[in-house]
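Engineer: The sequence and its predicted three-dimensional model are supplied below.
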Amino acid sequence: FTRARDVNDGEKDFLAQLIGYNQVDLQYEIGLIPRLRLSGQLYDSDNGDERLKRSRNNHLVSWQIDKNTELQYRVSGHHFQGFSGDLFVNQLNALSAKRNFGKWGTLSVVNESETFRGSDNQRPDRKTQGLRYENQITKSLKLSTEQFRTDYSDGGYENVSAYGAAWQITPRLGISLKDVHVDRDEAKNTQRFLDYGVSYDFGKGVKIGYTFHRELNSQGGGKRNYRYEMSEGEFGGFKAGGSYDEKRIDNQRTTALGGFHISNTKPFDLGILKDVRMSFGYDSHTDQSLWKKETKLASFGASLFGTRVEMSYDQLMLPSQERAYDRTYKWIYDPSGKKPLQASLVYKSRALPGGDSIIVRDYDVSYKLNDRLKLNLTTETFPEKEKKDAPFGSILQPTRSRTYGVDWKINDASALTVAYSEIMDLAKRNLVRRSTGELTLFADTGSPLRLTYGMDQSDRNGNRQTRFLYQLSFDQQPGPNQTLSFLIGNIDWDDGKPNNELWNRWDIRIDYQLRF
């Protein structure tokens, strides 16, 4: 199994380490008496080719003397042998006891000894003794402390003293404190860790909090972190949430991440403005006082005298440390869609670094003369095309188009659609004219017959191309066992025919499916 690293497995690196080994793994758990349990693991592996042998063992005896008292004894070892003898040998013996004294608190004591040897070992033996004590002084106040002493065989030592408190001052307001001192011998660093936090619960999921962490180090490289946070929830008809997180390594580096958003959960009225909806969002990242990311999003919408007005503002920080902007304004004449006249006007200004602002226009107007006849007008300038890796998730196409259309429902079985478009490529200064018409017959039968006409005429660099399209198509209503459709079409070039095209081309396509 020499190609273990080539397998599609999350543990392929671990499997590669086992190449060449024969191994045995045993786990056990024994209940000697109702409150006395023995559990552990044995592991042994042998690589005969490289003359390597590794064994591990871990055993735990747990005795629940009574409901308030527990005693544990742990023994673990690691033995790694090679051709030259012992490479690494480690043995740990740990005894711990825990006693719950009720209102007087809970006390835990620990006594550990650990030895190391072998030609690859660089760690000294150690002996650790310590205790932990915590007490729920009142229903709202909890105190705790830890005191540990470790002595090393090389003369070094480590003393750890920790003090903590958690106080729920009111059902909504709480604070927490923790102070840890780590004192070591002169050859090693001395540290102090200070953590505190405060939080207030406004209800309905809205909770604000502040946490602070400070690490002092006698050898430099101290750290300071703090964070403001408001969990997402509803308050006063608005939904909001956000955070600000700053991390600092003394005299080296400071990074900050921030984000906030707020929006109204239900529309409201403000004077003549009805059905008001608004939102705001902010997201940022700085590193060494340099902007890595900054995004601002804002939107506002309201109904005014039966029409709908909407505005939005987007700002992005680009990798070049420059900002880009999108400002969008939209007006809808009849949001209900019930009036004969329908109009939607969109005006957008996009500003990108190194260029002027680009104006986007999207106007869509229609008028319904009666239940069967409707007139349409659509105008687009610099229409957007989705592109996920582009700023704002889209690119603007340098075209301007205008389309006039008529939709006529002759009767329940027949309909006629006619449209005329002009499309200008603003970059290449090319103009395309397009006329289309489609007559639908027998629509009420579920098997419509369509007659289609199209004309495309383009002027590119003084060269004109004109193409005519004629089609007859039929789609049979699908039956339980069969479907049928066919199309007969003709493309006729009047001028400007491409080299790979025929002046006059006929196309016939028949699709038939039968289930059996």
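Structural biologist: Okay, I see it. Residues are numbered from 1 along each chain as shown.
Engineer: roughly how far apart are residue 314 and residue 282?
Structural biologist: Relative to residue 282, residue 314 is positioned 12 Å away (Cβ to Cβ, to the nearest Å). From N, CA and C alone the C-beta is placed, and that goes for glycine too.
Engineer: So for the two, which residue has more residues nearby?
Structural biologist: Neighbours per residue (other Cβ atoms under 10 Å) separate residue 314 from residue 282, with residue 314 holding more: 20 against 16.
Engineer: tell me, what's touching residue 314 and residue 282 both at once?
Structural biologist: 295-297 (Cβ atoms under 8 Å, 6 or more residues apart in numbering).
Engineer: Keep only those of these that are in strands.
Structural biologist: Among the shared contacts of residue 314 and residue 282, DSSP state E puts 295-297 in strands.
Engineer: Check which helix or strand residue 315 maps to.
Structural biologist: Secondary-structure element containing residue 315, defined by DSSP states H and E: strand 307-317.
Engineer: Adjacent strands (with direction) for that strand?
Structural biologist: Strand pairing for strand 307-317, using DSSP bridges, gives strand 290-304 (antiparallel), strand 323-332 (antiparallel).
Engineer: Nearest to residue 477 among these would be which one?
Structural biologist: strand 323-332 (37.4 Å; Cβ to Cβ).
Engineer: Can you check the distance spanned by stretch 434-453, start to finish?
Structural biologist: Taking Cα to Cα, to the nearest Å as the measure, stretch 434-453 stretches 11 Å from start to finish.
Engineer: my bad, should have said stretch 225-245
Structural biologist: Terminal residues of stretch 225-245 lie 7 Å apart, using Cα to Cα.
Engineer: circling back: format the CA atom coordinates belonging to the strand holding residue 315 as CSV.
Structural biologist: C-alpha atoms of strand 307-317 as CSV (Å, rounded to 0.1, in the frame of the first residue of the first chain):
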residue,chain,number,x,y,z
THR,A,307,-46.3,54.9,-7.1
ARG,A,308,-43.2,53.1,-5.8
VAL,A,309,-39.8,54.9,-5.3
GLU,A,310,-36.7,52.9,-4.5
MET,A,311,-33.0,53.9,-4.0
SER,A,312,-29.9,51.9,-3.2
TYR,A,313,-26.2,52.7,-2.7
ASP,A,314,-23.4,50.2,-2.9
GLN,A,315,-19.7,50.8,-2.2
LEU,A,316,-16.8,48.3,-2.6
MET,A,317,-13.1,48.4,-1.8
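Engineer: Residue 513 touches residue 480, doesn't it?
Structural biologist: No: Residue 513 is not in contact with residue 480 according to Cβ atoms under 8 Å; the separation is 11.9 Å.
Engineer: The two - which one has more neighbours?
Structural biologist: residue 513 (11 against 5).
Engineer: Can you report how many residues lie near the residue nearest to that one when sequence neighbours are not counted?
Structural biologist: Closest residue to residue 513 apart from its sequence neighbours, by Cβ to Cβ, 6 or more residues apart in numbering: residue 483 at 4.7 Å. Neighbour count for residue 483, taken as other Cβ under 10 Å: 14.
Engineer: do you know how far residue 483 is from residue 231?
Structural biologist: According to Cβ to Cβ, residue 483 and residue 231 sit 55 Å apart.
Engineer: Ok, residue 167 next?
Structural biologist: Residue 167 is 21 Å from residue 231, by Cβ to Cβ.
Engineer: State the phi and psi torsions of the residue nearest to residue 513.
Structural biologist: In terms of degrees, to the nearest 10, the main-chain angles of residue 483 are phi -140, psi 150.
Engineer: again with residue 445
Structural biologist: According to degrees, to the nearest 10, residue 445 has phi -90, psi -10.
Engineer: Correct me if wrong: it contacts residue 477.
Structural biologist: Yes: contact status for residue 445 versus residue 477: in contact at 7.0 Å, counting by Cβ under 8 Å.
Engineer: Dump the strands paired with strand 307-317 into a markdown table; add mean pLDDT as well.
Structural biologist: Compiled in a markdown table, the strands paired with strand 307-317 are given as follows (pLDDT from 0 to 100):
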| stretch | mean pLDDT |
| --- | --- |
| strand 290-304 | 93 |
| strand 323-332 | 95 |
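Engineer: Quick one: closest of the ones you listed to residue 353.
Structural biologist: strand 323-332 (6.6 Å).
Engineer: Could you pull out the buried residues of that closest one?
Structural biologist: Along strand 323-332, these residues count as buried under the neighbour rule (16 or more other Cβ atoms under 10 Å): 324-326, 328, 330-332.
Engineer: I'd like the distance between the closest residue to residue 208 other than its chain neighbours and residue 268.
Structural biologist: What sits nearest to residue 208 in space, not counting adjacent residues and going by Cβ to Cβ, 6+ apart, is residue 230, at 4.7 Å. Per Cβ to Cβ, residue 230 is found 22 Å from residue 268.
Engineer: With neighbour numbers in mind, choose between the two.
Structural biologist: Set residue 230 next to residue 268 and count neighbours by other Cβ under 10 Å: residue 230 wins out with 19 against 15.
Engineer: Which strand residues bridge that one?
Structural biologist: Applying DSSP bridges, one finds that residue 230 bridges with residue 208, residue 242.
Engineer: contacting residues for it?
Structural biologist: Applying Cβ under 8 Å, 6+ apart to residue 230 gives the contacts 206-209, 240-243, 260.
Engineer: Could you do residue 173 as well?
Structural biologist: Counting by Cβ under 8 Å, 6+ apart, residue 173 has contacts 198-201.
Engineer: same question, residue 287
Structural biologist: 253-255 are the contacts of residue 287 under Cβ under 8 Å, 6+ apart.
Engineer: Please repeat the previous calculation with a cut-off of 7 Å.
Structural biologist: Contact partners of residue 287, counting by Cβ atoms under 7 Å, 6 or more residues apart in numbering, are residue 255.
Engineer: Bridge partners for it, pull those for me.
Structural biologist: Bridge pairing for residue 287 - DSSP bridges - gives residue 255, residue 290.
Engineer: per-residue confidence for it?
Structural biologist: Residue 287 carries a pLDDT score of 90 in this model.
Engineer: Any figure for the gap between it and residue 248?
Structural biologist: 11 Å.
Engineer: Which helix or strand contains residue 112?
Structural biologist: Going by DSSP H and E, residue 112 is part of strand 106-117.
Engineer: where exactly do the strands run in the stretch 251-400 of the chain?
Structural biologist: 253-264, 268-270, 273-287, 290-304, 307-317, 323-332, 341-351, 358-368, 373-381, 384-386, 394-396, 399-408 (DSSP state E, counting those that start in this stretch).
Engineer: make that the stretch 51-200 of the chain, sorry
Structural biologist: If DSSP E, counting those that start in this stretch is used as the criterion, the strands of the stretch 51-200 of the chain fall at 52-66, 69-82, 85-100, 106-117, 126-136, 141-152, 157-167, 173-184, 191-203.
Engineer: Now these in TSV, please, with extra columns for distance to residue 438 and mean pLDDT.
Structural biologist: Shown next, in TSV, are the strands of the stretch 51-200 of the chain (distance: least, Cβ to Cβ, whole Å; pLDDT from 0 to 100):
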stretch	distance to residue 438	mean pLDDT
strand 52-66	78	94
strand 69-82	81	95
strand 85-100	82	96
strand 106-117	83	97
strand 126-136	80	97
strand 141-152	77	97
strand 157-167	74	97
strand 173-184	69	96
strand 191-203	60	95
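Engineer: domain parsing for the chain?
Structural biologist: The chain breaks down into these domains under automatic domain parsing: 267-369, 398-516.
Engineer: ok, the residue nearest to residue 123 when sequence neighbours are not counted - contacts?
Structural biologist: Computed as Cβ to Cβ, 6+ apart, the closest residue to residue 123 that is not its neighbour in sequence is residue 116, at 4.7 Å. By Cβ under 7 Å, 6+ apart, the contact set of residue 116 is 90, 123, 125.
Engineer: Okay, the second one and residue 117: tell me how far apart.
Structural biologist: Translated: residue 123. Separation of residue 123 from residue 117 (Cβ to Cβ): 10 Å.
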